[in-house]
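Novice: task: produce atomic coordinates for the following.
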Amino acid sequence: MKKKFTRLFAAFAVFMILGFLSAPMVYAATAASSGSSAAGEDYLEDEGSAIIDDSADSKAYAAAIAIGLASAGGAIGMAIAIGKSVEGIARQPEADDKIRTQSMLGLVFIETAIIYALIVAILIIFVL
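Specialist: Residues are numbered from 1 along each chain as shown. Predicted structure coming up:
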């Protein structure tokens with residue numbers, strides 16, 4: 001159990017690191033398209049004082065966290081589903097077609113949830 005939890009935590013950490021590494025690239029793409037400053041800071045004048053607007057940075061990190069968590073959860077769910085379906089086929093080879101059909105349907109639903117998270121991440125970046 002401890003080894004399984006360690007692998008699960010390591011996979012989660014890898015996905016989160018990849019998400020945080022991709023956040024500056026996403027920000028650079030949105031900053032280039034919106035005409036923001038290269039340093040990532042927009043200065044808004046409000047009665048003579050400069051206010052730093054970090055909303056683009058926050059959007060990039062929120063999108064990275066959303067897609068990182070969704071992809072990590074989806075990968076873990078898919079791994080468990082495939083493992084259980086292979087185990088079921090090994091125990092009852094005559095039920096191979098039914099098990100394969102149900103596991104493919106379950107994998108499609110898991111992948112759909114990941115795609116929804118990708119859409120939410122895109123909406124966070126470009127709409128909010």
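Novice: show me what the longest helix anywhere in the chain packs onto, helices and strands only.
Specialist: In the chain, with assignment by DSSP state H, the single longest helix is helix 55-91. If you count contacts as 3 or more CB pairs under 8 Å, 6 or more residues apart in numbering; DSSP states H and E, helix 55-91 packs onto helix 2-34, helix 96-126. (Each C-beta comes from the backbone N, C-alpha and C, glycine too.)
Novice: hey, least reliable of the ones you listed by pLDDT?
Specialist: Of all the helices and strands packed on helix 55-91, the minimum mean pLDDT falls on helix 2-34 (a mean of 59).
Novice: re the thing from before, just the angle between the longest helix of the chain and helix 96-126, please?
Specialist: Between helix 55-91 and helix 96-126, the angle comes out at 180 degrees (axes from the mean of the first three to the mean of the last three CA atoms, to 10 degrees).
Novice: what's next to stretch 106-123, contact-wise?
Specialist: Identification of contacts with stretch 106-123 by CB atoms under 8 Å, 6 or more residues apart in numbering yields 62-64, 66-67, 69-71, 74, 77-78, 81-82.
Novice: and those residues, which are buried?
Specialist: Among those, the ones that count as buried by 16 or more other CB atoms under 10 Å are Ala62, Ala63, Ala64, Ala66, Ile67, Ala70, Ser71, Gly74, Gly77, Met78, Ala81.
Novice: against Ala95, how distant is the last one?
Specialist: For Ala81, the distance to Ala95 (CB to CB, to the nearest Å) stands at 16 Å.
Novice: also the second one?
Specialist: From Ala63 over to Ala95 the distance is 42 Å, taken as CB to CB.
Novice: neighbours around Gly83, how many?
Specialist: By other CB atoms under 10 Å, the residues close to Gly83 number 10.
Novice: likewise for Tyr116?
Specialist: With other CB under 10 Å as criterion, Tyr116 counts 11.
Novice: repeat that for Ile125.
Specialist: Residues lying near Ile125 (other CB under 10 Å) number 19.
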